[in-house]
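**Student:** would you be able to build a 3D model of this:
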Amino acid sequence: MTGYQDTFRASLDDPARFWGAAAEAIDWYQKPTQVLDSSNPPFYRWFPDGTLNTCHNALDRHIDAGHGDRAALIYDSPVTGTTRTYSYGELRDEVARFAGVLAELGVTAGDRVVIYMPMVPEAVIAMLACARIGAVHSVVFGGFAAKELAVRIDDAAPKVIVSASCGIEVARVVEYKPLLDRAIELATHKPDHCVILQRPQATAELGARDVDWATALTAATPRDCVPVAATDPLYILYTSGTTGKPKGVVRDNGGHAVALRWSMANIYDIGPGEVFFTASDVGWVVGHSYIVYAPLLTGATTVLYEGKPVGTPDAGQFWRVIAEHGAKAMFTAPTAFRAIKKEDPKGALLADYDLSRFGCLFLAGERLDPETLRWAQDLLRVPVIDHWWQTETGWPIAANLMGLEPLPVKPGSPTVAVPGWDVQVLDPSGSPAPADTDGAIVLKLPLPPGALPTLWNDDERYVASYLSAFDGYYLTGDGGHLDADGYVFVMGRTDDVINVAGHRLSTGTMEEVLAAHPDVAECAVIGVADTMKGQIPRGFVVLKAGVEADEAELAAELIAMVRDQVGAVASFKEVAVVPALPKTRSGKILRKTMRGIADGADEPIPSTIDDPGVLDKLRPILRR
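**Tutor:** As a prediction, this is how the structure comes out:
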């Protein structure tokens, strides 16, 4: 099977055979005799009688095969002016020693460890050290507010928390220790110990429960890998819940290792020894999957970047990293490229770097508008691949499979369903929607390996949140359609579909139109309450750097474009030019929050917001 269609059909027609073959790429202490346990739907389990260790598969097995000197991790930090490369042997030794630190603090298999760290190698070391001894890590984005961190501490009940004295943002140093101390004070659960990495930019005062990272590491005895069941949890990653209580997405060991290893070869076309640069954060699922685990499971070299796409110090940093480290491919969010386009609209900074070894750009995390796609294609002259997935799924649902059979790109689409994912579009009654007709995008059960088997300590909420809308299907929460060729078009979250005088319209379609204007760097469209029509759309645009436009004239042009391409039925009559849009730290625009404010609700500031000041400045505009 070399082609996409053959591979895709095989994965759905006989998933046990397909994933059983994929599992051969992983080292097992006990090879599974059963690939899929379907005895307790909807709680499916992959490789239920297999045992393995994820850290062994990420590090030790490459060393055992004679590749200990190969580069495993490149740490590139423009905010500290530091670059360091760890070989597989060096990284394994650090991980084994920190596993000893955790073990000597009483952490055993099944215990939880919360990791609250900036983008430093020690964050990766802590994650892999947990995996090495069978502990369950839960990474919380460094700098998260104390109240939100406390909620996660209470839910995960960690024996140990691993943190650092500070993180470094574009223009400031954020001290983590006061936030951590406050979170523990607020939390009902108290960890036994906190291990603190002291950074020179701000050292922390240590208390009775605190352990200094460097001191503990020096005294620790390295630990070997501990076999765990394939169905044992590797990590918990919290994602926002509609009730305000975060949902703890569980990732198992076996299915996760098999799926990520398969994805690197078939989706990203990355093999052993090749360099993969993912510009995200280990606090997000992208960082878990494609900074840490997938590249190392493959034997590739991963780049850990402590910086931003712009401002550290300029909009050419991604090009520098690609050139200096010889990255074959890069993965980041469309928002990052919109930020670069805003600062350097003509891509002039690219001329300073040699990207001759660079082969492909992958974008995910938010809908890739066709204008940003075209800008990146024209600038980089390499394939630009949109793909779509979620924290819950752990790896891509829809993509252009560059290592299997690259397909023609259709702007606005992340291409086709990845083998293993049975993607369907249903209408409100649960019937399949015709081609090119929008509906709810769902995934037929069982989900493939690597997807969440449940939520942490909350099977009931797992079923209620994802499996109750349509029997036998996982509800993605995204709306869109399939075209006649099977291409997936994700138009946005289903709550981004608005109802204007009885007409259901996608705000994503309107955003596409606005983004196509040559002066617009990025945009958002929200539906706000209207007594006459139910909802009406309002647009917000950020201009490219250096553009000086008459705002009234620009607004008239944009309104005319939407009227021409979407129709008068959209009732699109208002667009505002704003300096910035409020986003999460992972780059997603906070449309739901904007809509709530515009509707007059007392909308709380989300814990995931990157810069609360942006939202504060936008409030009076939203409430006009």
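
**Student:** burial of the residue lying closest to L260 once chain neighbours are set aside, as a residue count?
**Tutor:** Nearest residue to L260 in three dimensions, chain neighbours excluded: A294, at 4.0 Å (CB to CB, 6 or more residues apart in numbering). Placement of C-beta: from N, CA and C, glycine included. Applying other CB atoms under 10 Å, we find 31 residues neighbouring A294.

**Student:** so A294 touches A257, yeah?
**Tutor:** No: in terms of CB atoms under 8 Å, A294 does not count as a neighbour of A257; the distance is 9.4 Å.

**Student:** ok, now which ones touch A187?
**Tutor:** A150, V151, I153, D154 (CB atoms under 8 Å, 6 or more residues apart in numbering).

**Student:** sorry, that was for D252
**Tutor:** Contacts of D252 (CB under 8 Å, 6+ apart): R45, W46, A230, T231, D232, P233, L234, P453.

**Student:** so which of those wins on neighbours?
**Tutor:** The most crowded member of these, judged by other CB under 10 Å, is W46 (30 neighbours).

**Student:** coming back round to it: counting neighbours, which of the contacts of A187 comes out on top?
**Tutor:** Highest neighbour count within these, by other CB under 10 Å: I153, with 26 neighbours.

**Student:** distance check, that residue against V160.
**Tutor:** Separation of I153 from V160 (CB to CB, to the nearest Å) stands at 11 Å.

**Student:** which residues are in contact with each of those two?
**Tutor:** Jointly contacting I153 and V160 under the rule CB under 8 Å, 6+ apart are V114, P191.

**Student:** run through the stretch 101-250 of the chain and note the low-pLDDT ranges.
**Tutor:** For the stretch 101-250 of the chain, residues meeting the criterion pLDDT under 70 lie at 240-244.

**Student:** hey, where'd the strands end up in the stretch 501-624 of the chain?
**Tutor:** 503-506, 520-530, 534-543, 575-577 (DSSP state E, counting those that start in this stretch).

**Student:** and the two most separated of the contacts of A187?
**Tutor:** Taking CB to CB, the two most distant members of the contacts of A187 are V151 and I153; they sit 7.3 Å apart.

**Student:** hmm, which two among the contacts of D252 are most spread apart?
**Tutor:** Within the contacts of D252, two members stand farthest from each other by CB to CB: R45 and L234, at 14.1 Å.

**Student:** surely T437 and H481 touch.
**Tutor:** Yes: T437 is in contact with H481 according to CB under 8 Å; the separation is 5.6 Å.

**Student:** of those two, which one has the most company?
**Tutor:** Using other CB under 10 Å as the criterion, T437 and H481 rank with H481 on top: 20 against 11.

**Student:** pLDDT value on the more buried one, please?
**Tutor:** Among the per-residue scores, H481 holds a pLDDT of 95.

**Student:** helix/strand/coil for it?
**Tutor:** Secondary structure, DSSP: H, G, I helix; E, B strand; the rest coil: H481 is strand.

**Student:** residue contacts, it?
**Tutor:** By CB under 8 Å, 6+ apart, the contact set of H481 is V425, A433, A435, D436, T437, D438, G439, F489, M491.

**Student:** cutoff 7 Å now
**Tutor:** Contacts for H481 (CB atoms under 7 Å, 6 or more residues apart in numbering) come out as V425, A433, D436, T437, D438, G439, F489.

**Student:** what about it, distance to F489?
**Tutor:** 5 Å.

**Student:** ranges for the strands of the stretch 301-450 of the chain?
**Tutor:** Residue ranges of the strands in the stretch 301-450 of the chain, as given by DSSP E, counting those that start in this stretch, are 301-305, 329-332, 360-363, 384-386, 398-399, 416-417, 423-426, 439-444.

**Student:** what bridges to V275?
**Tutor:** Per DSSP bridges, the residues bridged to V275 are T301.

**Student:** just the pLDDT at it, thanks.
**Tutor:** pLDDT, V275: 98.

**Student:** how far away is it from F318?
**Tutor:** Plainly put, V275 is 14 Å away from F318 if you go by CB to CB.

**Student:** quick one: closest of the strands of the stretch 301-450 of the chain to R374.
**Tutor:** Nearest to R374, of all the strands of the stretch 301-450 of the chain, is strand 384-386, at 8.7 Å by CB to CB.

**Student:** what strands line up against that closest one, and which way round?
**Tutor:** Strands that pair with strand 384-386, judged by DSSP bridges, come out as strand 360-363 (parallel).

**Student:** hmm, who's touching the partner strand?
**Tutor:** Strand 360-363 is touched from outside by 268-269, 329-334, 337, 376, 380, 382-387, 402, with contacts defined as CB under 7 Å, 6+ apart.

**Student:** got the CA positions of that strand in CSV?
**Tutor:** In CSV, the C-alpha atoms belonging to strand 360-363 read as follows (Å, rounded to 0.1, in the frame of the first residue of the first chain):
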residue,chain,number,x,y,z
CYS,A,360,7.8,22.0,3.8
LEU,A,361,5.8,24.3,6.2
PHE,A,362,2.9,22.8,8.2
LEU,A,363,0.3,25.0,9.8
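
**Student:** now that strand, how far from the chain's geometric center?
**Tutor:** When distances are taken as CA atoms, centre = their mean, to the nearest Å, strand 360-363 is centred 14 Å away from the chain's centroid.

**Student:** thinking again about what came up before, and for A294 and A257, which residues touch both?
**Tutor:** What both A294 and A257 touch, as defined by CB under 7 Å, 6+ apart, is an empty set.

**Student:** domains of this protein?
**Tutor:** 4-307+387-480, 501-622 (automatic domain parsing).

**Student:** right, so of these, which gets closest to E366?
**Tutor:** Across the domains of the chain, E366 has its closest neighbour in domain 501-622 (5.2 Å, CB to CB).

**Student:** what lies in contact with the helix or strand harbouring A259?
**Tutor:** Using DSSP states H and E, A259 sits within helix 254-266. Residues from elsewhere that reach helix 254-266 (CB under 7 Å, 6+ apart): 19, 22-23, 25-26, 46-47, 50, 52, 54, 57, 230-231, 234, 270-271, 289, 293-295, 297-298, 300, 394-396, 401, 403-404, 448-450.

**Student:** just the buried residues from those, in PyMOL please.
**Tutor:** PyMOL command restricting the contacts of helix 254-266 to the buried ones, with burial defined by 16 or more other CB atoms under 10 Å:
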select buried, resi 19+22+23+26+46+47+50+52+54+57+230+231+234+270+289+293+294+295+297+298+300+394+395+396+401+403+404+448+449+450
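
**Student:** which ones among the contacts of helix 254-266 are found in helices?
**Tutor:** Of the positions in the contacts of helix 254-266, W19, A22, T54, A294, P295, L297, T298 sit in helices, assigned by DSSP state H.

**Student:** wait, A598 touches V528, no?
**Tutor:** Yes: using CB atoms under 7 Å, A598 is in contact with V528, at 4.3 Å.

**Student:** the contacts of H481 into JSON lines, with extra columns for distance to P370 and pLDDT?
**Tutor:** Converted to JSON lines, the contacts of H481 look like this (distance: CB to CB, whole Å; pLDDT from 0 to 100):
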{"residue": "V425", "distance to P370": "21", "pLDDT": "97"}
{"residue": "A433", "distance to P370": "22", "pLDDT": "95"}
{"residue": "D436", "distance to P370": "17", "pLDDT": "93"}
{"residue": "T437", "distance to P370": "20", "pLDDT": "92"}
{"residue": "D438", "distance to P370": "17", "pLDDT": "89"}
{"residue": "G439", "distance to P370": "22", "pLDDT": "92"}
{"residue": "F489", "distance to P370": "11", "pLDDT": "94"}
